[in-house]
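Asks: Build me a structure from this.
(one chain, ligands or ions: 2)
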Amino acid sequence: MNRFKHAGVIGAGAWGTALAQVCARAGLAVTLQAREPEVVESIAARRENTLFLPGVALEPEIAAVADMAGLSSCDLILAVAPAQHLRSALKALAPHLRAGTPVVLCAKGVEQGTLKLMTEVAAETLPDAPLAVLSGPSFAGEVARNLPTAVTLACEDEALGRAIAEAIATPTFRPYIAGDMIGAEAGGAVKNVLAIACGIVEGKGLGRSAHAALITRGFAELTRLAMALGARAETVAGLCGLGDLVLTCSSPQSRNMSVGLALGGGMTLTEALAGKLSVAEGVASAPAVRDLATRLGVEMPICQAVAAILAGEAQVDAAIAGLLSRPLKSEA
Ligand SMILES: NC(=O)c1ccc[n+]([C@@H]2O[C@H](COP(=O)([O-])OP(=O)(O)OC[C@H]3O[C@@H](n4cnc5c(N)ncnc54)[C@H](O)[C@@H]3O)[C@@H](O)[C@H]2O)c1
Ligand SMILES: O=P(O)(O)OC[C@H](O)CO
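Replies: Ligands and ions are numbered 1, 2, ... in the order given. I've put the predicted structure just below:
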């Protein structure tokens, strides 16, 4: 029997809307909180999120609300606001959260300034809420259309992790349970920065060999940072780390890879982001990942190069030359 009956989803971007679809298909009542009035209106009037997930017919169980107060009767919350806005979203939720309600963190990023992971942000804003992390290779459009997807559902409380996974699983959406929340969130945050690098490689036409080298050496960076943060190696080798890195570095469907493609093709960052409503988390997380690596003494040359390019401190060609001319070293 499902322990949960009513899911509240914070953030009606593409991923929040896709996860609302998953929860509805899993048999839960769903309230989707949207920041934009036009999203609430389009879902109510047309059963479609015309702003962030156009063309997908939404399940009848999904109700959209503007105010966090609309989530007060939910017994499970999925927090899907972008990483840089998670703190303000959870602060707004706090007065309406029922005691003991688990909060599943679904954003992939590191908070700028504080350099905090999403679990740290949530622990500060909702100190009493049980937390879990949902992360893995999953394009919103594919999940919303019911294509097969597997993700990591990480929770320190194994029984709670299992209960959440059972509540949201469907025949096409398969959460694998893990105990390592840090590994799950570190993988998702760093892969976005690496996807920008992969986009640059593609945009510059550097070839499949360079692409494979970048994914592999990028994974080494991701693993080093995650381990320094306290993650377990087997978590980052799973769906939320390696799996998501492979997906995001392999398809222009990725917003992060698209930014890299534009930069590699000669656009400035401003040009690459112009007119985009959707979020490319790696752009905001790159400087935070770089600063976190410096603080922890972790070598992350690819992420550092991406941060320097995004900040206008390095040109693309010079950054690539810099990476290729690093002293030869042991692969391990
Ligand atoms: N789209 C995907 O395929 C996908 C898949 C997995 C994880 N994610 C992650 O989910 C998170 C949300 O991404 P998305 O794709 O749903 O977003 P999106 O790009 O589709 O939409 C942008 C979102 O940002 C919100 N937003 C903009 N300004 C804001 C502000 N000032 N305060 C609060 N919210 C604001 C909007 O309301 C909207 O929900 C990100 O961390 C992303 O990495 C996305
Ligand atoms: O479109 P992106 O680059 O934000 O990637 C979406 C998901 O994180 C892929 O798992």
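Asks: and residue 168, what is it in contact with?
Replies: The contact partners of residue 168, taken as CB atoms under 8 Å, 6 or more residues apart in numbering, are 7, 19, 22, 23, 26, 28, 153, 175. C-betas here are computed from N, CA, C, even on glycine.
Asks: quick one: which of these is nearest ligand 1?
Replies: The shortest approach to ligand 1 among those belongs to residue 19, at 8.5 Å (CB to the nearest ligand atom).
Asks: so the closest one makes contact with residue 8?
Replies: No: Residue 19 is not in contact with residue 8 according to CB atoms under 8 Å; the separation is 11.0 Å.
Asks: Give the intersection of the neighbour lists for the two.
Replies: Counting by CB under 8 Å, 6+ apart, the residues touching both residue 19 and residue 8 are residue 78.
Asks: Give me the more crowded residue out of the two.
Replies: Per other CB atoms under 10 Å, whichever of residue 19 and residue 8 has more neighbours is residue 8, with 30 against 27.
Asks: Tell me how many other residues crowd the closest residue in space to residue 170 that isn't next to it in sequence.
Replies: Spatial nearest neighbour of residue 170, excluding adjacent residues (CB to CB, 6 or more residues apart in numbering): residue 25 at 4.7 Å. Residue 25 has 18 neighbours, counted by other CB under 10 Å.
Asks: which ones are touching residue 25?
Replies: The contact partners of residue 25, taken as CB under 8 Å, 6+ apart, are 59, 146, 170, 173.
Asks: re the thing from before, pick the one among the contacts of residue 168 closest to residue 201.
Replies: Among those, residue 19 lies closest to residue 201 (CB to CB), at 30.5 Å.
Asks: in this structure, which spans are strands?
Replies: Along the chain, the stretches classed as strands by DSSP state E are 6-10, 29-33, 62-65, 76-79, 103-105, 131-135, 149-154, 173-178.
Asks: is it possible to export the contacts of residue 25 to CSV including distance to residue 328?
Replies: Output for those, formatted as CSV (distance: CB to CB, whole Å):
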residue, distance to residue 328
59, 55
146, 48
170, 49
173, 44
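Asks: what's the spacing between the residue nearest to residue 170 and ligand 1?
Replies: 17 Å (CB to the nearest ligand atom, to the nearest Å).
Asks: And residue 156, by the same measure?
Replies: From residue 156 across to ligand 1, the span is 21 Å (CB to the nearest ligand atom).
Asks: Now do the same for that residue: its pLDDT.
Replies: pLDDT for residue 156: 98.
Asks: Quick check, it in contact with residue 183.
Replies: No: Residue 156 is beyond contact range of residue 183, at 11.8 Å (criterion: CB under 8 Å).
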